[in-house]
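Undergrad: sharing a model that was predicted from the sequence below.
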Amino acid sequence: MKKLVLVLMVLIMASTTVFAGGGGQQQSAAAASLTPTGRVRVEIFDRGTDGGRTLAHDNAWTNWIKEKVKRDLNIDVEFVPVGRWSEPQDMTNLMASRSAPDLCYTYDGGLVANFRDWGGILNLAPYIDSYLPDLKAMLGSDPVYPDRDFIYRNIDPNTGAIYSIPSYRIEVAQRNIFIREDWLTTLNIPVPTTMEQFYNALVAFRNNATRLGVEANRIVPFGVNEDARWGLANMIHHFIDPNMTVRDRWVYTIAERNIYMPGYKEGMREMNKWYNEGLIFRDFPLMTTADDFYNLIKSGVVGAFCQNWDLPYRNDYNIIADLRRTVPNANFIPIDVARNKDMFDKVGLQVFIPEYSPNKDAALKYLNWLAKPENYNFLQIGTLGVNHEMIDGWPRPMGTTGQWIMNSANNIDYTMNMNGIEMGTSEGNAAVNMVRPGFTPAVIANAYDVSVRNARAPAVWTAVTRVNQYTLDLQERADALIAQAITSSAAQFDSIWDNGIQAWLRAGAQEVFNERSSLYPAR
């Protein structure tokens, strides 16, 4: 993979003629307008078809979009599926081969910076006022920089260039630890309120498999798949130094990984202990798909897990509903046992247009089309009686199946300008976004509150990084080190972790750290 990334970098740089090198140069052509075309290719996350989901690029929703865009803009839309969980590698391949969609998005800001540095992304700054007035108005002001519109969050302070536009994340909750409430009841264990109590509960699950109705060799006290960085984050981050300054939190975030933060190693040591005591799913490094992990949970053998704050309640995965087909009284509840919890910034996706796109005009027009309420409202709430019902004056999503099923929560993969339902008022947003079909609003509101209670948004600093060429490699190395260190013996842990960190630093992380330190001066 590392050699492939280097080859792709060369291909992108060689195939780019408009600009190169860190995005420091403005577009050579003043951009009041672009050459109109009648088509646009749009990225769409492919989350598979388990659980009744439809083909991401060809379904009732995509047909509605195609028909309405054709009427409104006289543009033909084609959706290009990109693997949700393999997206960084997939997009790197597509960008290098000059076959990426005309309009792209990613949650990985480092990936965008990498493409920018290779000279592969269009500078959007000249087009915002002429092409994106509805998007600019919809995104509103930046909560971090209140005197600035949110659409300018990613502006280069030196050149004024903008290579990606952030989407608006309505729900800022990130993760929760969930535990089987029915297992706690069976073993007469109070709901854990500390990390120690949570650990003791997992030990009790392991030691009492038969009482819990699970074969001793099948019980999984804590479930996680290969993405242990995410699935163990609340436990690992519990050990990060809580007194880190905002500056240090930004500086120590390298390639969107936290493994260099003070205290992270001790969190890893604890996870190594849990693994060697049989508390963490033994084969997690081999479980490469999210659906396989969710099916393991649904089988009734998992006592706890840490994932998106509302995962058990989402009707696109039906975790609890399907679990109850196996164990009728089963239930997962969120618990508040970790410190240093994370929550999201307002930034969701990063939206960008490849420099070589032949349909830049259509891509910008489509992006602005998505910012019109008549369009995003339908995509988010659908048809009355099919996708939602009206309660107390507000639409309440229903658990729709069949052709109008939403493959992602509230169709967030299609409404790339925002993540969550936008009703135009904070009251409306609260009323609608705290609904998950089959669960009371109180249950969802509690999960949200648990997730954001004493949580911190990521540190934000306006700066343009130039050392981005190592991003994918550093991410892969960090994730591999996490798996290797957790599954090692206790005696080997220190040497594996320390040697792994030194190798990671030599692979480029030290350069990234040095640059970030210089960009955010100590005070």
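TA: Here it is on my side, so go on.
Undergrad: where does I333 sit: helix, strand or coil?
TA: Assigned by DSSP: H, G, I helix; E, B strand; the rest coil, the conformation of I333 is strand.
Undergrad: what sits against the nearest residue to N387 once chain neighbours are set aside?
TA: Residue nearest to N387 in three dimensions, not counting chain neighbours: T400, with 5.0 Å by C-beta to C-beta, 6 or more residues apart in numbering. All C-beta atoms are positioned from the backbone trio N, CA, C, and that covers glycine. T400 is in contact with 315, 382, 386-387, 406, counting by C-beta atoms under 8 Å, 6 or more residues apart in numbering.
Undergrad: could you rerun that using 7 Å?
TA: 386-387, 406 (C-beta atoms under 7 Å, 6 or more residues apart in numbering).
Undergrad: same question for R396.
TA: 388-389, 435.
Undergrad: mind running it again at 10 Å?
TA: 381, 388-390, 431-432, 434-437, 441 (C-beta atoms under 10 Å, 6 or more residues apart in numbering).
Undergrad: quick one, phi psi at L349?
TA: Dihedral angles of L349 (phi, psi; degrees, to the nearest 10) stand at phi -70, psi 160.
Undergrad: show me what contacts it?
TA: 43, 45, 104-109, 164-169, 412-413, 415-419.
Undergrad: again with V435
TA: 313, 388, 391, 394-398, 410, 421, 441, 444-445.
Undergrad: same thing with Y107?
TA: Y107 touches 45, 84, 87-88, 167, 256, 347-350, 419, counting by C-beta under 10 Å, 6+ apart.
Undergrad: ok, which stretches of the chain are strands?
TA: 39-46, 76-83, 104-106, 165-169, 175-180, 304-308, 332-335, 347-352, 388-391, 394-397, 418-419 (DSSP state E).
Undergrad: which residues are contacting the last one?
TA: Applying C-beta under 10 Å, 6+ apart, the contact partners of strand 418-419 are 107, 135, 138-139, 167-172, 344, 346-349, 370-371, 376, 380, 408-410, 412-413.
Undergrad: wait, doesn't N331 sit right on I320?
TA: Yes. Look at N331 against I320 with C-beta atoms under 10 Å: they come within range, at 6.7 Å.
Undergrad: overlap in contacts of those two?
TA: Shared contacts of N331 and I320, counting by C-beta under 10 Å, 6+ apart, come down to 178, 312.
Undergrad: rewinding a little: how about TSV for the contacts of V435, with pLDDT added?
TA: Shown next, in TSV, are the contacts of V435 (pLDDT from 0 to 100):
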residue	pLDDT
Y313	94
H388	93
I391	88
W394	90
P395	91
R396	86
P397	86
M398	86
N410	91
I421	90
P441	85
I444	92
A445	91
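Undergrad: just the buried residues from these, in ChimeraX please.
TA: ChimeraX command restricting the contacts of V435 to the buried ones, with burial defined by 16 or more other C-beta atoms under 10 Å:
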select :313,388,394,395,396,397,398,410,421,444
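Undergrad: if we can go back for a sec, out of the contacts of R396, which comes closest to N514?
TA: M434 (43.6 Å; C-beta to C-beta).
Undergrad: what sits against the closest one?
TA: 171, 310, 396, 440-448 are the contacts of M434 under C-beta under 10 Å, 6+ apart.
Undergrad: pick out whichever of those sits closest to W61.
TA: R396 (19.2 Å).
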